[in-house]
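Asker: below are the sequence and a predicted model; questions follow.
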Amino acid sequence: MAAQFESLWQPIIILLEIPIDIGGALLLLWLFGGTINVMAAIGIVVMSGVIINDSILKIHTINLLRKKGRSMEEAIKEGGKLRLKPILMTSLTTILALTPFLFISGLGAELQKPLALTVIGGMLIGTFISLYFIPLMYYQLSRK
């Protein structure tokens, strides 16, 4: 990522999001009485990949707008407007697709439930982090 962004601090902003997202995933897993197992770990990896991709695209869009001559504030606002719908659509489709796994019973339900819980919990927190925390950190770190 450092080579893609030609910067060291922009990938750090993105990587700071991972512990927060994992916390959201483990919180939902704990609230529903799930256990940490291999399927939960796979869910964390999947969730991290999707959320990190959203943040990479958002920072990339902001960088492109800044290269076109926009001020930092304008680039952050415009980048947020341009990426709002794709980020929300990605998150909502993932969350809604996995929601039925929380309420099913039967063969394999106990196996799929921790995966669904970790992905849903991480995506709920990660969506808001991608929309608000990433631009805020970009603004704070790029001013200095």
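Answerer: Yep, that arrived. Residues are numbered from 1 along each chain as shown.

Asker: what's the helix or strand for the residue nearest to the spatial centre of the chain?
Answerer: In the chain, the residue lying closest to the centroid (C-alpha atoms, centre = their mean) is I51, at 2.4 Å. I51 belongs to helix 38-67 when assigned by DSSP states H and E.

Asker: please work out the average pLDDT along that helix.
Answerer: Taken as a whole, helix 38-67 has a mean pLDDT of 93.

Asker: packing partners of the helix-or-strand element of the chain with minimal mean pLDDT?
Answerer: In the chain, no helix or strand scores lower on mean pLDDT, DSSP states H and E than helix 2-5, which sits at a mean of 72. Contacts defined by 3 or more C-beta pairs under 8 Å, 6 or more residues apart in numbering; DSSP states H and E place helix 2-5 against helix 9-15, helix 38-67. Bear in mind the C-beta positions are built from the backbone N, C-alpha and C, glycine included.

Asker: save the ones you listed as CSV, and put in distance to T94 too.
Answerer: Converted to CSV, the helices and strands packed on helix 2-5 look like this (distance: least, C-beta to C-beta, whole Å):
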stretch, distance to T94
helix 9-15, 19
helix 38-67, 6
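
Asker: no more questions from me, cheers.
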